[in-house]
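J.: Provided below are the primary sequence and the corresponding predicted coordinates.
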Amino acid sequence: MFPIIISYYTKNTGYEDYAKTLIASCERWNLCHSITGIANLGSWERNCCYKPKYIMQKLFKLKSPLLWVDADAEIIKKPMLFQDFSPDIALCIIENVPDDHPSKMISGTIYFNYTPIAFNILEAWDHECERLLKKHSDVWDQVALRNVLLQHKDKATIYPLPLDYYRIYDRQKKGEQSFIIHYQASRIEKKVINNELIPFWRNQERDIQIP
């Protein structure tokens, strides 16, 4: 069974426009998808740490393998790797960095099978996100996922995805193929959501003299 593409975006942020591109790319390749908006939970970090809850809800509701893709991404080619795919989870794992590196495991493109082990991982990921958020505000959801997967590596079938499925748009080298491109909206949107940067249109507003 081919996975359903899922994602969410934070309403009333720049992620809404990115999500339209993701939806259009799913439609281009005739991929079943469920991409919805959520309310801002108060910070970019909390919005991202909602990911395991959302995926768990979708897995329970849709009863199908799922492919999570960040809202600021685009599917360039149909990801046929996931046709008749059987692991519990699949994601990009960076082999040449140590286990404690924050980018050891990448959460921008993740496959979850409809298996009890996948549910267990999602539940543990959610708990780890909440645990880390209680300790400090600057939490990266993929660090929480890394912690969980290192603990479950002997209990789950974890497939390391090729980087073709998580290609950053401005780091693609000539001749490299890509199935999923990520546009790294967090470079700007993280600061906007956390009120560290005023969007350009608000700056324009300040320059307008209202009679």
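T.: That came through fine. Note that the coordinates shown come from a computational prediction; the quantities given were computed from them, not determined experimentally.

J.: can you list the weak-confidence ranges in the chain?
T.: 170-176, 187, 190-191, 194, 196-211 (pLDDT under 70).

J.: Helices along that one, start to end?
T.: 15-28, 44-49, 51-62, 116-135, 141-152, 186-193, 200-207 (DSSP state H).

J.: nearest to Leu91, of these?
T.: helix 141-152 (7.8 Å; Cβ to Cβ). In this view, the C-beta of every residue, glycine as well, is placed from N, C-alpha and C.

J.: Just give me how far the closest one sits from the chain centre.
T.: 14 Å (Cα atoms, centre = their mean, to the nearest Å).

J.: who are the neighbours of it, in terms of helices and strands?
T.: Other elements packing on helix 141-152 under the criterion 3 or more Cβ pairs under 8 Å, 6 or more residues apart in numbering; DSSP states H and E are helix 44-49, helix 51-62, strand 105-112, helix 116-135.

J.: Let's have the helices of the chain in JSON lines, adding distance to Ile93 and mean neighbour count.
T.: Below are the helices of the chain laid out as JSON lines (distance: least, Cβ to Cβ, whole Å; neighbours: other Cβ atoms under 10 Å):
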{"stretch": "helix 15-28", "distance to Ile93": "23", "mean neighbour count": "17"}
{"stretch": "helix 44-49", "distance to Ile93": "19", "mean neighbour count": "21"}
{"stretch": "helix 51-62", "distance to Ile93": "18", "mean neighbour count": "18"}
{"stretch": "helix 116-135", "distance to Ile93": "14", "mean neighbour count": "17"}
{"stretch": "helix 141-152", "distance to Ile93": "8", "mean neighbour count": "20"}
{"stretch": "helix 186-193", "distance to Ile93": "20", "mean neighbour count": "17"}
{"stretch": "helix 200-207", "distance to Ile93": "37", "mean neighbour count": "9"}
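
J.: would you turn those into TSV with distance to Ala73?
T.: Shown next, in TSV, are these (distance: least, Cβ to Cβ, whole Å):
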stretch	distance to Ala73
helix 15-28	6
helix 44-49	14
helix 51-62	14
helix 116-135	20
helix 141-152	14
helix 186-193	12
helix 200-207	23
